[in-house]
Every structure is written in C-alpha cells, then in structure tokens.
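> Based on what follows, work out the 3D shape:
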Amino acid sequence: MPRAAPRECGASARVKGGAVYESGQVIVLLLSRAPHYNGWQVGTRVLGGAVRFAEAFPMTPLHELVALSLLPVSRLRTIVQQFKSGFTASDLLSLHCADRQRRHPKADNADRVRARAHAALERGMRAGLVAVRWDEAEYPAPLLLTIDPPLVLWVRGSVAALQRPSVAIVGARTGSPYALAVAERLAGELAVCGVVVVSGLARGVDAAAHRGAVNAPQGVTVAVLGSGADVLYPREHGDLAARIVEEGAIVSELAPGTPPCAPFFPQRNRIISGLSRAVVVIEAGEKSGSLITARCALEQGREVLAVPGNVLNGRNKGGHALLRDGARLVESAADIIEELGFEPDPAAAGFSRNTACLPPVDDPLLAVLPSGEACDLDRISGLSGLPMPRLLARLLELEMEGQVRRLQGGQFVRVDRSC
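Down below sits the predicted model:
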C-alpha cells in the first residue's frame, strides 16, 4: 500500500505538533521526540480492524536493517549468527522484539521499532548522512569480518575513505604535551604515506591524531563517534570535524539524533579497531578506555603497537603493560609501516625510514627544546643560554608562528609538524 504524504497535525488530529501519516485503515502519529524510544514517539489509531505498520509503510531491506540496529547491541552477535543461518531481517526483528517484550513488557514491539527506523532514515537524509548496509559493496571489508559488525554504518563525508588501508591511533583524553605531539606527528607521517588515520574524535590524543592527518598533504582521517553521526561530541571539535569530512568521514553505528552516552563509547571502540589494520596506543593508564580498543584489536586479529612514555607519572602504565605483553614499540611511522608490510612510494610520499617525514629543526631555540616536553622559562633559558628578555621575545615570535605552544603555568612546548 503506498504511503500517503505527511500533513501537519491540526486540532482534528488531537495531537500537539508532529505529523500524521494516513494509509487506508491506519493513522500513524509521529509525535514529539521521546528519549524512551531514542527517536519518535509513535501512536497508532486503527479504524475498523488491525493493520500492521509494514502495510502502511512498505519496508525496504535498509529499513529492516536500521530497525534491527536499534535493538540493544548485546543482541548483535546473535543476530549476525542468525543471519548467517538463513533468517531474514523481518523475521529477526519480529523474533527479537517478541523476546524483549517477554522479558520487559514495556519494550517496543516490532511496529514501533520500524517507526523509529523510518524516523531515523528521514533524519539521516536531512543531515546528509549515507546509510551503508553491511551487505553492500561499500561496507568496509575489514569491519565485516569481525564477529559483531554493525548492520548499518551512518557516514558523513566520504564513504570511499572506509575502503583504504587504515591505522587507529588512540590514547588519553587528558594527554600530556608529549602524547599530543607524538599523536599529531605519527598521524601526519602515516597520512603522507597514504594511510587513513582512524580515531574517536575525543579530546586529547584522538583530536591530535585527527589534526595531524588533516594537516598533512592529502591526509585522510576517519572519526568514529559514540553518538549519532549528526551529533557532534565534544562540541568544541566542530572546526576539526568540518576538516575531517572534506576528504575523510565521520562514522557511527548509532541512529541519527542519538546523543552521546557513556556505554556507547566502549561500544564504538570495536569499530575503531575493526576498521584498522593496527591500533597504536599513546599514553594509556591502567584503566584507560584505549586498552578496551587494544583488547578489541587483539580479539579481531589486529596488530597492537604502543608508544613508550614517562615511567614516573603513571600515565603510561597501560601502554607499558602492552609492551611487556609483546606489543611492538613505536617511535615513528616507519615502525608501523614496517610492522604492517605497507610499501609507500618514497618519492611520492616524501617518506624516509630515518626521518619519518619531519622537517629539520633549524632554529637554535627550537633545537634545544625537547620534542613534546613542557619546559618552564628557567629551564629554557638554561638550555638556550639566552637572557630572559631576548628569550621572551623569541618565544612570542615562535608562538605566533605556531612552532611553540604556551601552556598553563608559564610553560612552553615545541610543536612538531609533519611536512
């Protein structure tokens, strides 16, 4: 039965706001957004007999997969196995919704989940998102081979970016200047070699990795969110997100409009590792979320690498534990390239296994500043031999040029950028 065009609700519809869809004997009311449904609250009024939702809204394979993707992720592995056993998406939706209602009587039935899927697709279309089904050629093959691939990926930006060789860089949200400098440097080096950098757009190391990639010539990066692909979190990364989607992509398995929620972040980590050939961990404490990504990588058969760090402050205990357990130690992109067997074109990428594409440091003051390490004025003066007035003037010049960054407490850190 064809779907009728929506019309605005009036007094006769007895609802405030929303839209009404009429089809034969059924009227479906899309009411105000309700957190309980993670989408649109749906009311149905049946005139002269029961009519199933699918009769009013013909369901395509994409609709059914989006509906299935709205079920709790704890059911995903079972759903994937049942798909492989020959079940259809429609059968699985009815089966799992009925099972949930037996366990939780207030859980949505299949028709309500289908209505939420319809609302998600409409919102995604308005936001310019592309919904990629797991059975389409555009779906990233490495992720498809994992035990619990998302049934639908919502993509903002370039879907083609998901097909290229990728390496994930993850680490602390409150990264030290050293960690941020290393993340930006490694990402830039990988990007100029044609490797896509994958991370989670979180504060700290994630953002530094994305920034290093987009600053590299023709650099591409993919951000995997713990919210809908149209819901940016954290909000201060708006400019960075805009640069990411110019050549890369922002990706989520969560329906458009889904706000960030604590359980979604460890859930999305399996996608970060699943998209990648390897995961590089930078500055992870003993309980860091980056270790969840590393564990997902090991379960998926990916390589795990780690950058060594300071042994005195406790920030690197998780990363050092990975190194003790056999993770490859990383000092530059050359180590990653060698471990994975990538063969970049040295002439095209400007890549050197010794210098790893870092520009030379010609400035005498920059040369004495330890890379990624915060230094106060007294230490810089001692290292450089410059009197304080000349030192302050030169640091101001370098800061305006973007070659040093001023930190809290009057400290400065050298900024290394890939060429």
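> who touches Ala202 in this structure?
173, 234, 265 (Cβ atoms under 8 Å, 6 or more residues apart in numbering). (Each C-beta comes from the backbone N, C-alpha and C, glycine too.)
> Among these, which ones are in helices?
Among the contacts of Ala202, DSSP state H puts Phe265 in helices.
> Buried members of the contacts of Ala202 into PyMOL, please.
Applied in PyMOL, the following selects the buried portion of those according to 16 or more other Cβ atoms under 10 Å:
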select buried, resi 265
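> how about the contacts of Ala202 in CSV, adding pLDDT and distance to Pro140?
Converted to CSV, these look like this (pLDDT from 0 to 100; distance: Cβ to Cβ, whole Å):
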residue, pLDDT, distance to Pro140
Arg173, 90, 26
Pro234, 93, 25
Phe265, 93, 20
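> Next, count neighbours for the spatially closest residue to Ala241 that is not a sequence neighbour.
Spatially, and ignoring its direct neighbours in sequence, Ala241 is nearest to Leu232 (5.6 Å; Cβ to Cβ, 6 or more residues apart in numbering). Leu232 has 20 neighbouring residues, counting by other Cβ atoms under 10 Å.
> Please name the residues that touch Leu232.
So Leu232 contacts 225, 238, 241 (Cβ under 8 Å, 6+ apart).
> Sticking with Leu68, tell me its helix or strand.
Per DSSP states H and E: Leu68 is located in helix 61-69.
> After that helix, which helix or strand is next?
Heading C-terminal from helix 61-69, the first helix or strand you meet, by DSSP H and E, is helix 76-84.
> List the neighbours of that following helix that are in contact with it.
For helix 76-84, contacts defined as Cβ under 8 Å, 6+ apart pick out 68, 71, 89, 92, 95-96, 147-151.
> please redo it, this time with the cut-off set to 7 Å
68, 92, 96, 147-149 (Cβ atoms under 7 Å, 6 or more residues apart in numbering).
> that older thread, from the contacts of Leu232, which has minimum pLDDT?
The lowest pLDDT within the contacts of Leu232 belongs to Gly238, with 94.
> dump the residue contacts of it.
Applying Cβ under 7 Å, 6+ apart, we find Gly238 in contact with Leu232.
> in the helix or strand hosting it, what's buried?
Assignment of secondary structure by DSSP H and E places Gly238 within helix 238-247. In terms of neighbour count (16+ other Cβ under 10 Å), helix 238-247 has its buried residues at 240-241, 243-245, 247.
> what does stretch 256-265 give?
When burial is assessed from 16+ other Cβ under 10 Å, stretch 256-265 yields the following buried residues: 256-258, 264-265.
> how far does that stretch sit from the chain's center?
With Cα atoms, centre = their mean, to the nearest Å as the basis, stretch 256-265 stands 12 Å off its chain's centre.
> now do the same end-to-end measure for that stretch.
Using Cα to Cα, to the nearest Å, the span of stretch 256-265 from its first residue to its last is 16 Å.
> Give me the contacts around that stretch.
Here stretch 256-265 makes contact (Cβ under 7 Å, 6+ apart) with 38-39, 120, 123-124, 127, 129, 154, 226-231, 233, 254, 289.
> so of these, which ones are in helices?
120, 123-124.
> Same list (those residues) but as TSV, adding distance to Leu386.
Formatted as TSV, those follow (distance: Cβ to Cβ, whole Å):
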residue	distance to Leu386
Ala120	60
Arg123	57
Gly124	56
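> Which of those ranks first by neighbour count?
When the ones in helices among the contacts of stretch 256-265 are compared by neighbour count (other Cβ under 10 Å), Ala120 ends up highest, at 28 neighbours.
> Can you tell me the closest non-neighbouring residue to it?
The shortest distance from Ala120 to any non-neighbouring residue, by Cβ to Cβ, 6+ apart, is to Ala255 (4.0 Å).
> I'd like the distance between the one you found and Leu180.
Per Cβ to Cβ, to the nearest Å, Ala255 is found 32 Å from Leu180.
> which of the contacts of stretch 256-265 count as buried?
Buried residues within the contacts of stretch 256-265, counting neighbours by 16+ other Cβ under 10 Å: 38-39, 120, 123-124, 129, 154, 226-231, 233, 254, 289.
> so which strand or helix has Arg295?
With DSSP H and E as criterion, Arg295 is part of helix 290-299.
> what's in contact with that helix?
Contacts for helix 290-299 (Cβ under 7 Å, 6+ apart): 168, 170-171, 266, 269-270, 272-273, 279, 281, 284, 304, 318, 322.
> are any of the residues you listed buried, and which?
Neighbour counting by 16+ other Cβ under 10 Å classes 168, 170-171, 269-270, 272-273, 279, 281, 284, 304, 318, 322 among the contacts of helix 290-299 as buried.
> so, if you compare those, which one comes nearest to Ala393?
Ala393 lies nearest to Gly171 out of those, by Cβ to Cβ, at 34.5 Å.
> Averaged pLDDT, the helix or strand where Ile336 lies. What do you get?
Secondary structure assignment for Ile336, by DSSP H and E: helix 333-340. When pLDDT is averaged over helix 333-340, the result is 90.
> Over to stretch 373-382?
For stretch 373-382, the per-residue pLDDT averages 84.
> Using CSV, write down the CA coordinates of that stretch.
What follows is stretch 373-382, C-alpha atoms only, in CSV (Å, rounded to 0.1, in the frame of the first residue of the first chain):
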residue,chain,number,x,y,z
GLU,A,373,58.0,18.0,26.7
ALA,A,374,56.8,21.1,28.5
CYS,A,375,59.5,23.4,29.8
ASP,A,376,59.4,26.5,32.1
LEU,A,377,61.2,29.7,31.3
ASP,A,378,64.1,28.9,33.7
ARG,A,379,64.9,25.6,32.0
ILE,A,380,64.6,27.1,28.5
SER,A,381,66.9,29.9,29.5
GLY,A,382,69.4,27.4,30.8
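> tell me which residues of it are tucked away?
Going by neighbour count (16+ other Cβ under 10 Å), the buried part of stretch 373-382 is 374-375, 379-381.
> got TSV for the buried residues of helix 238-247, with distance to Pro217 too?
Formatted as TSV, the buried residues of helix 238-247 follow (distance: Cβ to Cβ, whole Å):
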residue	distance to Pro217
Leu240	18
Ala241	20
Arg243	14
Ile244	16
Val245	18
Glu247	11
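> How about the contacts made by the spatially most central residue of the chain?
Most central in the chain under Cα atoms, centre = their mean is Val224, positioned 1.1 Å from the mean C-alpha point. Val224 sits next to 198, 200, 251-252, 268, 271-272 when contact means Cβ under 7 Å, 6+ apart.
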